[in-house]
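In: Sequence first, predicted coordinates after that:
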Amino acid sequence: MEINVRGQQAYVYTGGKKTAIAATTETTAGPRVDHQPLVIFIHGAQQDHSCWGLQSRWFAHHGFSVLVPDLPGHGRSGGEPLLSVEALAEWIVALLDAVGVDRATLVGHSMGSLVALEATARYPERISRAVLIGSSLPMLVSPALLDATRDNEAQAMAMINAFSYSACSQIGGNTVPGLWLLGMNKRLMERQKKGVFHVDMNACNAYVRAPESLAGIAAPLLIIAGQQDRMTSPKAAKALLALIPGARLVAVEGSGHALMAERPDAVLDALRDFIAR
Amino acid sequence: MSYKFDTLSLHAGQVPDSQYGARAQPIYLTSSFVFKDAEQAASLFNMERGGHVYSRISNPTNAVLEERIAALEGGVGGIAVASGQAAMHLAITTLMGAGGHIVASRSLYGGSHNLLEYTLPRFGITTTFVDPRDIDAWQAAIRPETRLFFGETLGNPGLDVLDIPKVSALAHEHGLPLLVDSTFTTPYLLKPFDHGADLVFHSATKFLSGHGTVIGGVVVDSGAFDWAGSGKNAGKFPTLAEPYAGFHDMVFSEESTVAAFLLRARREGLRDFGACLSPLSAFQLLQGLETLPLRMARHIDNTRQVLAHLSGLVGGTVEAVVHPDLPDHPDHALAQKLLPRGSSSVFTFNLNGGRAAGRKFIEALKVFSHLANVGDAKSLVIHPASTTHFRMADEALVAAGIHPGTIRLSIGLEDPDDLIEDLNRGLAAAARA
């Protein structure tokens, strides 16, 4: 569905089911009550909502309202890509305001995981729990990749595909019959507007948050890490885990950085155990 | 790390089986798959988890084939079906229903021509055929209800090279996708997506299988076409961009930005039309794909030697040799650009001496097999004027681009000296006719 967030059109996938949240662009009343808990899925750099297909569908069909936005400037959403993780976190809260919902669970992948982390730290009263998938703090991007996103997007996409998938996933064997993951990701990246890639990678690379500031996070928080992730390593996930009191870690064997595509069932099981039970 | 073509030919889509570690691809010859529990069953039906339910819709052996051909073509995924004809039918019916219109090259395989000219019109889908080399004709044939451009990478019978960059650019300008039949070229010789095509299908029976043992087809999506676009694409593809009552009002283009076509083709086309491929056939196709690069290189190398030999005989028993790799072919320059590894091991040449010479030529051959197929490991030959087109008068044949003495060869993997000796035997017999 289309939602107006801060005067800009945004596309939001709702998990293949009409959500109980009836967003309108003319909402002036206070927050409305929605009887289903809301989960917001936040995609990573140079992606759109469709990286969350399987997992978001499960939640939408099991008692949750689901919002899976194309972030500004991505996919079908209008506007320009936002320049920082902080700005994206503010946008997610603006999305909550736009649909008139007080609190939501955030699930973010890669750049989206930083957005989820930042929103959770900034707005403890709005974020009930958070899941960080393929995450690290800081999330430094190699100068070669960062430059390529600016100067040669095709080369940058090839680098992402080479580094994001485990050795096993480079061969294939997709859980979803007939779909070739590397081809899917290449084309999805190509479908984004020119210039988005560098803005996103820059936002990841530049994001800074003092480690001690995470000690105050009270919301339950889960980290899901790919054991073969070479973009945000399992070691980095453990370091992040140590900074957040009470946080939990689920390590997914056989997965690289593209966890939702490489090991969709393991990610869904971890999300379900954390959010739905 | 990302693997190259020859490695993908052997490995893409196939991880060793988790239970026994079988290195070869197991043949999952089963109609259906046991659910782990009720929750998993429901999740599979509702696209919340991946997996297999029933082999008409998907099967683990077929899925390896689908991933492998998608990897080789550089697409987002594929669907394996019962034949090349089924692949073409699936591609068309996923995109349009009654009222839809196709602009197609007129240089087509007879089976494709039959489907477009005679059969699909019975279901309300019509086609305008155009000279594939005439870009203005493609443009002039577009109507408000046009939904697809279609051509063969190498047309039949003159091996016209489809100018994919030019034709796809025109298609995209009008909000239309380009579907190509890539059977003759395979991704080893040409990757249509790199040049702008949106959908590819193969009769996998031919070079992909390579051994003349199995009938099968595959359709592959590039994932690049925007079915829900807001420009000239808008409203043209309701099967992909609007709710489908036959699957919980799913809007396929919202489910997946890049795989909408494949989702619909599987969930409607395979489910309802049911032209699925046997897993046993999928296994044989996978066996073929493992050696695709080796075979294609040899097919092309042998073809070059045969072409050189036959070209040297032009003016004697041979009237003309028709092949895009030869400088006198009208599409030679385009072939050099799009098909740098070589164009095809299927081609025609014309004998002097008409139908009688053709018959004598065929009957004298010992190595070439006289049959109606191409793309086998073994060399094949057919004389259209005495077989597929025998009812046509000489004048009608010429109008269809076929000479009474036209011979079609499919050059196989034998020793090229034996092939040339065999052709000489046939040519000597033809000269005596």
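Out: Yep, that arrived.
In: what about the longest helix in chain A?
Out: Secondary structure of chain A per DSSP state H: the longest helix is helix A:85-98.
In: which other helices and strands contact it?
Out: Judged by 3 or more C-beta pairs under 8 Å, 6 or more residues apart in numbering or on different chains; DSSP states H and E, helix A:85-98 is in contact with strand A:2-5, strand A:38-42, helix A:111-122, helix A:196-206. Using the backbone N, CA and C atoms, a C-beta is placed for each residue, glycine as well.
In: what's the closest of these to chain B?
Out: Distances from chain B to each of the helices and strands packed on helix A:85-98 were compared by C-beta to the nearest C-beta, and the smallest falls on strand A:2-5, at 11.4 Å.
In: how about A:S77, what does it touch?
Out: With contact set as C-beta atoms under 8 Å, 6 or more residues apart in numbering or on different chains, A:S77 has these partners: A:Q8, A:Q9, A:A10, A:Y11, A:P69, A:D70, A:L71.
In: Show the contacting residues for the closest residue to it other than its chain neighbours.
Out: Distances taken as C-beta to C-beta, 6 or more residues apart in numbering or on different chains place A:D70 nearest to A:S77, at 4.1 Å, with adjacent residues excluded. Taking C-beta under 8 Å, 6+ apart, we find A:D70 in contact with A:A10, A:Y11, A:V12, A:Y13, A:H43, A:D48, A:H49, A:R76, A:S77.
In: one more time with 10 Å
Out: Residues in contact with A:D70 (C-beta atoms under 10 Å, 6 or more residues apart in numbering or on different chains) are A:10-13, A:43, A:47-50, A:76-78, A:192, B:257.
In: again, but for A:E125
Out: Counting by C-beta under 10 Å, 6+ apart, A:E125 makes contact with A:D102, A:R103, A:A219.
In: Among those residues, the buried ones, what's the PyMOL command?
Out: Buried residues within these, as defined by 16 or more other C-beta atoms under 10 Å in any protein chain shown, are selected in PyMOL through the command that follows:
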select buried, chain A and resi 219
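In: Tell me which stretches of the stretch 201-350 of chain B form strands.
Out: Taking DSSP state E, counting those that start in this stretch as the criterion, the stretch 201-350 of chain B carries its strands at B:217-221, B:318-322, B:346-351.
In: what's the closest of these to chain A?
Out: Shortest distance between chain A and the strands of the stretch 201-350 of chain B, using C-beta to the nearest C-beta, is found for strand B:217-221: 9.0 Å.
In: What pairs with that closest one, parallel or antiparallel?
Out: Within its sheet, and counting by DSSP bridges, strand B:217-221 is paired with strand B:77-81 (antiparallel), strand B:199-203 (antiparallel).
In: so the residue of the stretch 1-150 of chain A found nearest chain B is in which element?
Out: Of the residues in the stretch 1-150 of chain A, the one nearest chain B is A:W58, at a distance of 4.0 Å by C-beta to the nearest C-beta. Counting by DSSP states H and E, the element that carries A:W58 is helix A:53-60.
In: Show me what that helix is packed up against.
Out: With contacts defined as 3 or more C-beta pairs under 10 Å, 6 or more residues apart in numbering or on different chains; DSSP states H and E, the packing partners of helix A:53-60 are strand A:8-13, strand A:38-42, strand A:65-69, strand A:104-109, helix A:259-262, helix A:264-271, helix B:38-45, helix B:252-255.
In: CSV for these, including mean neighbour count?
Out: Conversion of the helices and strands packed on helix A:53-60 to CSV gives the following (neighbours: other C-beta atoms under 10 Å in any protein chain shown):
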stretch, mean neighbour count
strand A:8-13, 21
strand A:38-42, 27
strand A:65-69, 26
strand A:104-109, 28
helix A:259-262, 26
helix A:264-271, 21
helix B:38-45, 15
helix B:252-255, 24
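In: Pick the one among the contacts of A:D70 closest to A:P37.
Out: Proximity of the contacts of A:D70 to A:P37, judged by C-beta to C-beta, is greatest for A:V12, which lies at 16.6 Å.
In: Now do the same contact list for the closest one.
Out: The contact partners of A:V12, by C-beta under 10 Å, 6+ apart, come to A:1-3, A:5, A:19, A:21, A:23, A:40-41, A:49, A:66-70, A:76-77, A:95, A:98-99.
In: any idea how far it lies from A:V66?
Out: Look at A:V12 and A:V66: by C-beta to C-beta, to the nearest Å, they are 9 Å apart.
In: Smallest gap between the stretch 151-300 of chain B and chain A, at which residue?
Out: Each residue of the stretch 151-300 of chain B has a distance to chain A, by C-beta to the nearest C-beta, and the smallest belongs to B:G223, at 3.7 Å.
In: Surely that residue is in contact with B:T257?
Out: Yes - contact status for B:G223 versus B:T257: in contact at 8.1 Å, counting by C-beta atoms under 10 Å.
In: So which of those two has more stuff around it?
Out: The neighbour comparison of B:G223 against B:T257 (other C-beta atoms under 10 Å in any protein chain shown) goes to B:G223, with 30 against 27.
In: Give me the pLDDT value at the more buried one.
Out: Confidence at B:G223, expressed as pLDDT, is 98.
In: Show me the common contact partners of B:G223 and B:T257, please.
Out: A:M184, A:R187, A:L188, A:R191, B:V76.
In: quick one: contacts for the last one?
Out: I take that to be B:V76. Applying C-beta under 10 Å, 6+ apart to B:V76 gives the contacts A:178-188, B:70, B:193, B:220-224, B:256-262.
In: excluding its backbone neighbours, what's nearest B:H11?
Out: The shortest distance from B:H11 to any residue other than its chain neighbours is 5.1 Å, reached at A:I171 (C-beta to C-beta, 6+ apart).
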